[in-house]
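Chemist: 3D, please:
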Amino acid sequence: MALEVTADGRVILRAPYRMPDVRIEQFLKEKASWIEKSLDKVSKRREEESGLEKLSADDIRRLADQALTVIPSKAAYYAEQIGVSYGRITIRNQKSRWGSCSAKGNLNFNCLLMLTPEKVQDYVVVHELCHRKEMNHSQRFWSEVERILPDYKERRRWLKEHGGSIIRSMG
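Modeler: Okay, the predicted model is just below:
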């Protein structure tokens, strides 16, 4: 069985067709606190987002211009610390990613990073540059990220908790 709490606050339970109702009810009772916490998170997220204005095309253009001045200098600084090189840096307006690194070493970053704290911007840049050493998310990859940013988990958590709201502000 599986539970999902959707962004609009619906609770979805998936169970095999022949699962007895008694077992389903038991499962729901066992997961009651998880369901409650998840619904609270959805409620808080909706509250945060109700105060967010949707970004206009001009806003996005300004963020992209800002990213073009901020991100390359961060990449140069951290690439030296990590001991890697990279190809082209592209700034995009994406709905699902904060950054990516191609097999050829080209880096892509989301212009919406400019709406995050500087520590989070640094984390995303370091994350992508560390892919120049490890093109995966293995323990070696995360060790390299941690070597550069010992508090990367805190920065990553901020992005997980707040990043969705920022991306949804694109409209």
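
Chemist: contact partners of stretch 53-66?
Modeler: With contact meaning CB atoms under 8 Å, 6 or more residues apart in numbering, stretch 53-66 is reached by I91, N93, C111, L112, M114, L115, S169, M170, G171. Heads up, the C-betas are built off the backbone N, CA and C, glycines and all.

Chemist: mind listing what's buried in that stretch?
Modeler: Buried positions in stretch 53-66, judged by neighbour count with 16 or more other CB atoms under 10 Å: L55, I60, L63, A64.

Chemist: quick check, the last one in a helix?
Modeler: Yes: secondary structure of A64 (DSSP: H, G, I helix; E, B strand; the rest coil): part of a helix.

Chemist: sorry, back to before: and the contacts of stretch 53-66 as TSV, adding pLDDT and secondary structure?
Modeler: Shown next, in TSV, are the contacts of stretch 53-66 (pLDDT from 0 to 100; DSSP: H, G, I helix; E, B strand; the rest coil):
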residue	pLDDT	secondary structure
I91	97	strand
N93	89	coil
C111	97	helix
L112	95	helix
M114	97	helix
L115	94	helix
S169	82	coil
M170	78	coil
G171	63	coil
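
Chemist: what are the buried residues along stretch 116-129?
Modeler: Buried residues in stretch 116-129, defined by neighbour count with 16+ other CB under 10 Å: T116, V120, Q121, D122, Y123, V124, V125, V126, H127, E128, L129.

Chemist: how much space between P117 and E128?
Modeler: In this view, P117 and E128 are 17 Å apart by CB to CB, to the nearest Å.

Chemist: need the distance between the two termini of stretch 4-19.
Modeler: The first and final residues of stretch 4-19 sit 18 Å from each other (CA to CA, to the nearest Å).

Chemist: now it, how far from the chain's geometric center?
Modeler: Relative to its chain's centre, stretch 4-19 lies at 24 Å (CA atoms, centre = their mean, to the nearest Å).

Chemist: what do you get for stretch 28-40?
Modeler: With CA atoms, centre = their mean as the basis, stretch 28-40 stands 24 Å off its chain's centre.

Chemist: now do the buried residues in that stretch.
Modeler: Buried residues in stretch 28-40, defined by neighbour count with 16+ other CB under 10 Å: S38.
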